[in-house]
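1. quick one: sequence plus predicted model below, questions after.
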Amino acid sequence: MTNVTRQQEQSPSSKIITAEWCDRPSVQVAPDLIGCTLARQMADGSIIDAVIVETEAYAPADPACHAYRGPSKRNAAMFGPPGHSYVYLIYGLYHCLNVVTEPVGIGSAVLIRALALNTVPPALDPKYTPKPHRIAAGPGKLCRTLNIDRQLDGLPYHPDSGLWLAHRQTPLAATDIVQTTRIGISQAVEKPWRWYLKGSPAVSKKATKTAVSNA
DNA sequence: CCTCGGATCCTT
DNA sequence: AGGATCCGAGGT
């Protein structure tokens, strides 16, 4: 914890993202998160921080959204306060990390799909890292790299949680963000609710392949 | 209960 | 194109 405090003092330009900032529709928050920082304090106390380079929005009336059919044990965090996490298990072996948006009672969130790491974690199995810049290029991969699982479900994004968000340190032009359709879903496939940082080598594989729009 | 399939990823 | 591997949702 003292490490975290010191780190914040050293980087006054990295302003923490608040719950209020996340209290908007997910389709607004998702593109705004591109270029922002996700930070994670690991078990050994070290801090990994990374630039968010790919996001997807999931909305209350969206059939692809886990909250579409109302609250359940799994998706409870989506109906909780904005600026908290929603972490779930997918395909029995990967986890996915979301930022909850909109007020309590409204089920919406932004899926973090890919990160460009500023610091490379020391003890990561080399067999998972043939290419260092792709270590977090996908929603399941980034959770594996940052050691994120359901223990972190429903926590506020805050240094005290060991997981937090910070605003962009430099402005990003709208033309640097590409908007396309979402990945891996079978419902509402036409909604253009995926955004990624143009030219980033860390966007997920399918995203690079499917890349269209903007120019 | 039982079955189906999923906001994935890696290997054939 | 298929397997790993768990569990929630929805129907019987």
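-> Thanks, I have the structure now.

2. so who does the spatially closest residue to A:P63 that is not a sequence neighbour touch?
-> Spatial nearest neighbour of A:P63, excluding adjacent residues (C-beta to C-beta, 6 or more residues apart in numbering): A:Q187 at 3.8 Å. No exception for glycine: its C-beta is placed from N, CA and C like everyone else's. Shown in contact with A:Q187 (C-beta atoms under 8 Å, 6 or more residues apart in numbering): A:D62, A:P63, A:A64.

3. which pLDDT value belongs to A:Q187?
-> Here, the pLDDT recorded for A:Q187 equals 94.

4. helix/strand/coil for it?
-> Here A:Q187 is coil, with the state taken from DSSP: H, G, I helix; E, B strand; the rest coil.

5. same thing with A:A30?
-> Put simply, A:A30 is helix when judged by three-state DSSP.

6. where's it relative to DNA strand B, distance?
-> According to C-beta to the nearest atom of the strand, to the nearest Å, A:A30 stands 11 Å off from DNA strand B.

7. next one: A:K131
-> 10 Å.

8. rewinding a little: the residue nearest to A:P63 and DNA strand B: what is the separation?
-> 7 Å.

9. quick one: the longest strand seen in chain A to chain centroid distance?
-> Of all the segments assigned as strand in chain A under DSSP state E, the longest by residue count is strand A:47-58. Distance of strand A:47-58 from its chain centroid, counting by C-alpha atoms, centre = their mean, to the nearest Å, is 4 Å.

10. ok, that strand: who's next to it in the sheet?
-> strand A:37-41 (antiparallel), strand A:109-117 (antiparallel), strand A:194-197 (antiparallel) (DSSP bridges).

11. of all those strands, which lies closest to DNA strand B?
-> strand A:109-117 (3.2 Å; C-beta to the nearest atom of the strand).

12. and DNA strand B, is the helix or strand just after that closest one touching that?
-> Scanning forward in sequence from strand A:109-117 by DSSP states H and E, the next helix or strand is helix A:139-145. Yes - contact between helix A:139-145 and DNA strand B, assessed by C-beta under 7 Å from any atom of the strand, occurs at A:P139, A:G140, A:K141, A:L142.

13. got CSV for those residues, with neighbour count too?
-> Putting the residues of helix A:139-145 next to DNA strand B into CSV (neighbours: other C-beta atoms under 10 Å) gives the following:
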residue, neighbour count
A:P139, 25
A:G140, 18
A:K141, 21
A:L142, 28
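
14. and stretch A:183-196, what's buried?
-> By 16 or more other C-beta atoms under 10 Å, the buried positions in stretch A:183-196 come out as A:I183, A:I185, A:A188, A:K191, A:W193, A:R194, A:W195, A:Y196.
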